[in-house]
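Asks: Return a 3D structure for these sequence lines:
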Amino acid sequence: MGFWARSDQNPDGDRPSIVAMPTVVVGGNAVDVHLKGVVPGRDFPLERVDDVRNADAGDPCPRCGAPLQITSGLEIGTSSSWDQVLQGDGGDLPGREGERVHAIMGCYGIGINRIVAGAVEAAHDSNGILWPLAWPLTTWRSFHCKLKAQR
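Replies: This is a model prediction of the structure:
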């Protein structure tokens with residue numbers, strides 16, 4: 001049984017801590033199973049209580065105190081480590097002398113379609129795509145114009 005308390009349930013910020021809640025509803029470790037009337041501290045230990053919520057613009061940085069600025073972004077590439085997956089059985093390989101050596105692996109990827117989508121997201125207006133000439137998305141440049149435009 002696990003418990004996660006969202007602290008943004010009360011927008012005024014005067015929400016009670018989990019330790020002050022008389023009863024709560026928790027997940028029952030199965031799809032669509034919930035346990036009602038659970039008492040924190042009695043039915044599960046309160047070894048650690050954290051204030052978990054989404055960060056908002058203006059929230060202070062926990063290290064330097066500077067206000068958080070939120071902007072939008074577009075993911076065009078990913079990288080990941082498989083180190084956790086490889087720990088334990090199957091994560092070790094034989095070394096040069098026959099000893100077991102832990103394998104450190106990972107992967108990365110850049111999606112060509114994501115690059116084009118990023119260019120379109122960054123450079124468009126109400127009439128459509130403004131293909132940016134400063135970003136070499138192709139090996140050549142082409143210009144299209146209508147020679148016999150009708151009025």
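
Asks: May I see the domains of this protein written out as residue ranges?
Replies: Structural domains assigned to the chain are 1-52, 77-112, following automatic domain parsing.

Asks: Need the three-state assignment for Asn113.
Replies: Recorded secondary structure, Asn113: helix (DSSP: H, G, I helix; E, B strand; the rest coil).

Asks: Just give me the neighbour total for it.
Replies: 8 (other C-beta atoms under 10 Å). From N, CA and C alone the C-beta is placed, and that goes for glycine too.

Asks: Could you point out which residue ranges in this protein have low pLDDT?
Replies: The chain contains residues with pLDDT under 70 at 1-16, 51, 83-91, 138-139, 151.

Asks: let's go with 90 and repeat that
Replies: Applying pLDDT under 90 to the chain flags residues 1-24, 40-42, 44-56, 62, 72-96, 98-124, 128-151.

Asks: As a check, name the ranges of all strands in it.
Replies: Secondary structure of the chain, counting by DSSP state E: strands at 24-27, 34-38, 77-81, 92-94, 100-102, 106-110, 124-125, 128-129.

Asks: Please identify the most buried of the ones you listed.
Replies: Neighbour counts (mean count of other C-beta atoms under 10 Å) averaged over each of the strands of the chain peak at strand 24-27, with a mean of 15.

Asks: Strand partners (parallel or antiparallel) of that strand?
Replies: Strand 24-27 has the following sheet partners, assigned by DSSP bridges: strand 34-38 (antiparallel).

Asks: quick revisit: take the strands of the chain and lay them out in a markdown table including distance to Asp56.
Replies: Conversion of the strands of the chain to a markdown table gives the following (distance: least, C-beta to C-beta, whole Å):
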| stretch | distance to Asp56 |
| --- | --- |
| strand 24-27 | 25 |
| strand 34-38 | 28 |
| strand 77-81 | 26 |
| strand 92-94 | 44 |
| strand 100-102 | 40 |
| strand 106-110 | 31 |
| strand 124-125 | 28 |
| strand 128-129 | 33 |
